[in-house]
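In: Sequence and computational prediction follow.
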Amino acid sequence: MASVKLTKVEKAFGAVKVLHGIDLQIEEGEFIVFVGPSGCGKSTLLRLIAGLEDITGGTLEIDGRTVNDKSPKERGIAMVFQSYALYPHMTVYENMAFGLKLDKGTGKDEREARIREAARILQIEDYLDRLPKALSGGQRQRVAIGRAITRKPKVFLFDEPLSNLDAALRVQTRIEIAGLHEKMSDTTMIYVTHDQVEAMTLADRIVVLNKGRVEQVGSPIDLYERPDNLFVARFIGSPAMNILPARIEPDGERASARVEGLAPLTLAAPRRVAAGGTGYLGVRPEDLSLSQDGTGDFRGKVSLVERLGEVTLLYVDIGVGEEPLVAKIPGSVPVRRDDEIALTARREALHLFDAQGDAVHPA
Ligand SMILES: Nc1ncnc2c1ncn2[C@@H]1O[C@H](COP(=O)(O)OP(=O)(O)O)[C@@H](O)[C@H]1O
Ligand SMILES: [Mg+2]
């Protein structure tokens, strides 16, 4: 059980700076997910917290104690990697016992008890005598997690633990990790992924990273409903939010967004719209609906229909921007390619961004 605090944390490899002053307070028992595109610095940040990389600048505290210069062992952390990192010549039991033997304070009975307990939590009791090669990918990853659990870490670190698993196993193991967090609710967990579904489903709070900087920190719903900027707006949600260039004008207590060639859209309760300017209108695919009478906010020709069963994705050329507008319509709608359709946007769910990409509404 521990809090983790990062203050202006920087990391450079030689002359190349990859983390640029990360400030972050992680509370005891929290499940925090670092998410962002490949190469944005997620693993580096996790490895700094683990003590596997030296910190170039700033301060890292665990439980109020500065640990910049402490070894990984002294930090009370355990890490689970994408590659499992099990010893191939040792059984499951021996793999789990190995790290504990190195911890001098743990006697044989205590070791045994902790391994049995971890095996029970992860339901790998039947495999304790097997070698890793006799296990599936999902079972191996559970052993790697079990090995970490036996060390009773104050902070549990995961680096893309599911990315080597096939789709079905990924979902199952994701649910197991969520369950693990419930069972170990005192343990702070920091989890790295590039998969926004993992981030949304597992996190108490998500940290969105981009090019070595924090773009936004918030609960999954916060990030989804109130992205601070275009980067987060595009990164969270699938399919991605539609972004259209727009002229934004104050309109009394309201604001209007005029997308060239379309009727102006007026928003109910915007903030911070002092003067007019260029910017962007954002609308999520799921906030668009088919308008029955042919009048709507967006009209155009359907260029592609994807039927996913519970929803249908419509790609519509509206003659604005480079990308087609994407609409996510519940069920199987009788729309076909080349049909002319009209779509209406849910007013409360519109987003406005200024020319710099910072959120104007909601803000
Ligand atoms: N040991 C290293 N030496 C030099 N550059 C590195 C090293 N580790 C990572 N990097 C660079 O740091 C950046 C962030 O990498 P990483 O933290 O692995 O990103 P992510 O985990 O988000 O994909 C990348 O540009 C990567 O090439
Ligand atoms: Mg990585």
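Out: That came in fine, so what should we check first? Numbering: from 1, shown residues only. Ligands and ions are numbered 1, 2, ... in the order given.

In: In the stretch 251-363 of the chain, what residue comes closest to ligand 1?
Out: G357 (20.9 Å; CB to the nearest ligand atom). Every residue, glycine included, has its C-beta placed from N, CA and C.

In: Now for that residue: which residues touch it?
Out: 229-231, 280 (CB atoms under 8 Å, 6 or more residues apart in numbering).

In: swap in I177?
Out: I177 makes contact with 145, 158, 161-162, 191, 202, according to CB under 8 Å, 6+ apart.

In: same question, F353
Out: So, once contact is read as CB under 8 Å, 6+ apart, F353 ends up touching 229-230, 233, 243, 279-280, 282, 359-360.

In: Okay, and which of the residues you listed map to helices?
Out: Among the contacts of F353, the residues falling in helices (DSSP state H) are 230, 233.

In: For the contacts of G357, give me a markdown table that also has neighbour count, pLDDT and distance to R336.
Out: Compiled in a markdown table, the contacts of G357 are given as follows (neighbours: other CB atoms under 10 Å; pLDDT from 0 to 100; distance: CB to CB, whole Å):
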| residue | neighbour count | pLDDT | distance to R336 |
| --- | --- | --- | --- |
| N229 | 18 | 96 | 37 |
| L230 | 21 | 97 | 32 |
| F231 | 19 | 97 | 35 |
| Y280 | 24 | 92 | 30 |
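
In: from those residues, which single one is nearest ligand 1?
Out: The nearest one, if we look at those relative to ligand 1 and count by CB to the nearest ligand atom, is F231, at 14.3 Å.

In: residues touching the closest one, list them.
Out: 208, 210, 215, 357.

In: thinking the first one is in contact with Y224, fair?
Out: No. Distance between V208 and Y224: 11.4 Å, which falls outside the contact criterion (CB atoms under 8 Å).

In: Tell me the gap between the host helix or strand of I175 and the middle of its chain.
Out: Using DSSP states H and E, I175 sits in helix 167-183. Here helix 167-183 shows a centroid-to-chain-centroid distance of 15 Å under the convention CA atoms, centre = their mean, to the nearest Å.

In: next one: stretch 332-339
Out: Offset of stretch 332-339 from its chain centre (CA atoms, centre = their mean): 33 Å.

In: What of stretch 195-214?
Out: When distances are taken as CA atoms, centre = their mean, stretch 195-214 is centred 3 Å away from the chain's centroid.

In: Settle this for me: R147 is touching N95, isn't it.
Out: Yes. Between R147 and N95 there is a contact under CB under 8 Å: 5.8 Å.

In: so what's in contact with those two at the same time?
Out: Contacts common to R147 and N95, judged by CB under 8 Å, 6+ apart, are L86.

In: Note down every partner strand of the helix or strand bottoming out on mean pLDDT in the chain and its orientation.
Out: Scoring the helices and strands of the chain by mean pLDDT, DSSP states H and E places strand 265-267 at the bottom, with a mean of 74. When sheet partners are counted by DSSP bridges, strand 265-267 sits next to strand 254-258 (antiparallel).

In: now the strand it pairs with, how far from the centre of its chain.
Out: 31 Å.

In: can you check stretch 214-222 too?
Out: Distance of stretch 214-222 from its chain centroid, counting by CA atoms, centre = their mean, is 9 Å.

In: Give me the contact list for that stretch.
Out: If you take CB under 8 Å, 6+ apart as the criterion, stretch 214-222 is touched by 22-24, 36, 199-201, 203-209, 223, 226-229, 231-232, 235-236.

In: for stretch 40-56, same thing?
Out: 4, 6, 9-12, 17-19, 22, 34-36, 60, 67-68, 70-72, 74-75, 77, 79, 155, 157, 159-160, 190, 192-194, 209-212.

In: Can you measure across it, start residue to end residue?
Out: 17 Å (CA to CA, to the nearest Å).

In: go on, stretch 117-135?
Out: OK, stretch 117-135 end separation, CA to CA: 20 Å.

In: can you pull the buried residues of it?
Out: For stretch 117-135, the neighbour count (16 or more other CB atoms under 10 Å) marks 118-119, 121-122, 124, 127-128, 131-132, 135 as buried.

In: would CSV of the contacts of I177 with pLDDT be doable?
Out: Output for the contacts of I177, formatted as CSV (pLDDT from 0 to 100):
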residue, pLDDT
I145, 89
F158, 94
P161, 89
L162, 89
Y191, 96
L202, 95
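
In: Pull out the buried members of these.
Out: 145, 158, 161-162, 191, 202.

In: Tell me which of those fall in strands.
Out: 158, 191 (DSSP state E).

In: contacting residues around the helix or strand containing Q139?
Out: Here Q139 sits within helix 137-150, counting by DSSP H and E. Helix 137-150 is contacted by residues 78-81, 84-86, 92, 95-100, 111, 114-115, 117-119, 121-124, 127, 132, 135, 156, 161-162, 164-166, 169, 172-173, 176-177, 180, 184 when judged by CB under 8 Å, 6+ apart.
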